[in-house]
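1. Sequence first, then the predicted structure, then my questions.
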Amino acid sequence: MSFNAGVDPGRAWELNVYADNALLLKRQIEAGAGSVGRQWRLVRIDLSAYAGQTVQLRLYQRVLIANRTAGNAYWQAVKVE
């Protein structure tokens, strides 16, 4: 699985990705205050353990991050291969 996760300048949010109820990824997506425009981060997750199975994929945005200004989550180019 791959996708781009976006964040606005000076903002941060936490990305959590699950396959069924298994947490596959927990990552802070952030951009420095000096950034110009929305910043994109490429995220890749190996789903080979689920090959041939039907699973529910969930992408969560958590905005309550200590010592950070919460931001919106943006997604683009989501691919499951």
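-> Now that the structure is in, tell me what you want to look at.
2. is the residue nearest in space to the middle of the chain in a bridge, and if so with what?
-> The residue at the geometric middle of the chain, judged as the C-alpha nearest the mean C-alpha position with Cα atoms, centre = their mean, is Leu15 (4.0 Å). Counting by DSSP bridges, Leu15 forms beta bridges with Arg27, Gln61.
3. mind listing what Ala77 touches?
-> When the contact criterion is Cβ atoms under 8 Å, 6 or more residues apart in numbering, the partners of Ala77 are 2-4. (Each C-beta comes from the backbone N, C-alpha and C, glycine too.)
4. Filter these down to the buried ones.
-> Burial by neighbour count, 16 or more other Cβ atoms under 10 Å: within the contacts of Ala77 this picks out Phe3.
5. Out of the contacts of Ala77, which sit inside strands?
-> Residues of the contacts of Ala77 located in strands (DSSP state E): 2-4.
6. what about the residue of the chain positioned farthest from its centre, which helix or strand?
-> Relative to the C-alpha centroid of the chain, counting by Cα atoms, centre = their mean, Gly52 is the outermost residue, at 24.1 Å. Counting by DSSP states H and E, no helix or strand carries Gly52.
7. gap between it and Tyr18?
-> As for Gly52, its distance to Tyr18 is 19 Å (criterion: Cβ to Cβ, to the nearest Å).
8. who's in contact with stretch 17-36?
-> For stretch 17-36, using Cβ under 8 Å, 6+ apart, the contacting residues are 1, 5-16, 38-39, 41, 43, 45, 47, 50, 55-60, 65, 68, 71, 73.
9. Now which of the residues you listed would you call buried?
-> 1, 5-8, 11-15, 39, 43, 50, 59, 65, 71, 73.
10. Please save the CA atoms from stretch 48-57 in PDB.
-> Once non-C-alpha atoms are left out, stretch 48-57 reads as follows in PDB (Å, rounded to 0.1, in the frame of the first residue of the first chain):
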ATOM      1  CA  SER A  48       2.200  -9.000   1.900                       C
ATOM      2  CA  ALA A  49       1.200 -10.800   5.100                       C
ATOM      3  CA  TYR A  50      -2.500 -10.300   4.000                       C
ATOM      4  CA  ALA A  51      -2.100 -11.500   0.400                       C
ATOM      5  CA  GLY A  52      -5.100 -13.400  -0.800                       C
ATOM      6  CA  GLN A  53      -7.200 -12.200   2.200                       C
ATOM      7  CA  THR A  54     -10.000  -9.700   2.500                       C
ATOM      8  CA  VAL A  55      -9.100  -7.200   5.200                       C
ATOM      9  CA  GLN A  56     -10.500  -3.800   6.300                       C
ATOM     10  CA  LEU A  57      -7.900  -1.100   5.900                       C
END
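11. I'm done for today, thanks for sticking with me.
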